[in-house]
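Peer 1: Dropping a prediction and its sequence here:
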Amino acid sequence: MNMDYVAKLEAATGLKFDPAKLPRHIAIVMDGNGRWAKQRGQKRSSGHRAGVEALEDVVIACRNLGVGYLTVYAFSTENWSRPAAEVSTLMSLLSEFAASKLKRLRDNQVEVRVLGDFAGLPVLQRAALNRLMSATANVRTPDEGLVLNLALNYGGRSEILAGLKRAAAELSPRELQEMTEERFGGFLATAGQPDPDLLIRTSGELRLSNFLLWQLAYAEFYFTEILWPDFDAVELFRAICAYQQRNRRFGALLSE
Ligand code: FPP
């Protein structure tokens, strides 16, 4: 954790940060790119382009704050039904992102992974993402670095079903009957990672939209009216400080 960085954000927001209550894993539904562009009389594509810059800022902010895992919803299985031109813009932005940010991500010890139906992505995007994933695969150390999960061609229910099918293929009937929640988590795309502590959704929409249905069971939810391209380190800091005020009980009755 970079304490000078924290001090600057505390000064900018007037909020107090508690290093002992840092979320280990943050999940974000990056929503509102289209409205951001419309407000400026621009095409939706420029909103998505600005959204990529916001993502880069937030990744660097997570590194500075010492967050270990960041999962962002970049493209859902439902997004294929958007107009072809918009899908094509999002796919171009994705391969551009994978190539142009590779060095900065690696230099910042950010390991990129993809959650979702990878085989269903176009060949160009798969190639660019494969390069990005292998270039960043070994950049973290035990106490430094960030895992950036890009949820792409992702749906929560289909992730759970895929996990179920894999478990059925790999385990004996007996092992299946004795399945535990913890073991089943190992059949999901986030195997080995802690569940998100905090879910952020921008742009005022109050939905989960089939995102990380299993993993978000005990997450704290933070909704903001800010549109994704306007979200930045300061907004992330506000969300984390709000999270730190919550009393997490995980279903039990704990007194503070
Ligand atoms: C929602 O805004 C956003 C998306 C569907 C895509 C999110 C993608 C990015 C931030 C950039 C691409 C990411 C990478 C990794 C290259 P919306 O279009 O639904 O906005 P609206 O609700 O205002 O129309």
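Peer 2: Noted; the coordinates are in hand.

Peer 1: Report whether stretch 131-142 contacts the ligand.
Peer 2: No. Residues of stretch 131-142 are not located near the ligand by C-beta under 6 Å from any ligand atom, the shortest gap being 10.1 Å. Any C-beta I mention is one placed from the backbone N, CA and C, and that applies to glycine too.

Peer 1: which outside residues touch that stretch?
Peer 2: By C-beta atoms under 8 Å, 6 or more residues apart in numbering, the surrounding residues in contact with stretch 131-142 are 98-99, 101-102, 105-106, 109-114, 145-147.

Peer 1: Count the residues that sit near the residue of the stretch 1-150 of the chain found nearest the ligand.
Peer 2: Residue of the stretch 1-150 of the chain nearest the ligand, by C-beta to the nearest ligand atom: residue 34 (2.5 Å). Residue 34 has 19 neighbours, counted by other C-beta atoms under 10 Å.

Peer 1: so is residue 49 in a helix, a strand, or just coil?
Peer 2: Put simply, residue 49 is helix when judged by DSSP: H, G, I helix; E, B strand; the rest coil.

Peer 1: what's the helix or strand for the nearest residue in space to it that is not next to it in sequence?
Peer 2: Once flanking residues are discounted, residue 49 sits nearest to residue 93: 6.5 Å by C-beta to C-beta, 6 or more residues apart in numbering. Residue 93 is part of helix 84-100, with elements assigned from DSSP states H and E.

Peer 1: if we can go back for a sec, neighbours around the residue nearest to residue 49, how many?
Peer 2: Residue 93, neighbours per other C-beta under 10 Å, totals 18.

Peer 1: tell me the pLDDT at it?
Peer 2: Residue 93 carries a pLDDT value of 96.

Peer 1: again, but for the one 3 residues further on
Peer 2: As summarised for this prediction, residue 96 has a pLDDT of 96.

Peer 1: All further residue positions should be reported with the first residue as 16.
Peer 2: New numbering, starting at 16: the last item is residue 111.

Peer 1: which ones are touching it?
Peer 2: Residue 111 touches residue 67, counting by C-beta under 8 Å, 6+ apart.

Peer 1: 6 Å instead?
Peer 2: Applying C-beta atoms under 6 Å, 6 or more residues apart in numbering to residue 111 gives no contacts.

Peer 1: Could you find the closest non-adjacent residue to residue 258?
Peer 2: Distances taken as C-beta to C-beta, 6+ apart put residue 213 closest to residue 258, at 4.7 Å, once the chain neighbours are dropped.

Peer 1: Just checking the helix holding residue 108 against the ligand, any contact.
Peer 2: Yes. For helix 99-115, a contact with the ligand is found by C-beta under 6 Å from any ligand atom, at 105, 108, 109, 112.
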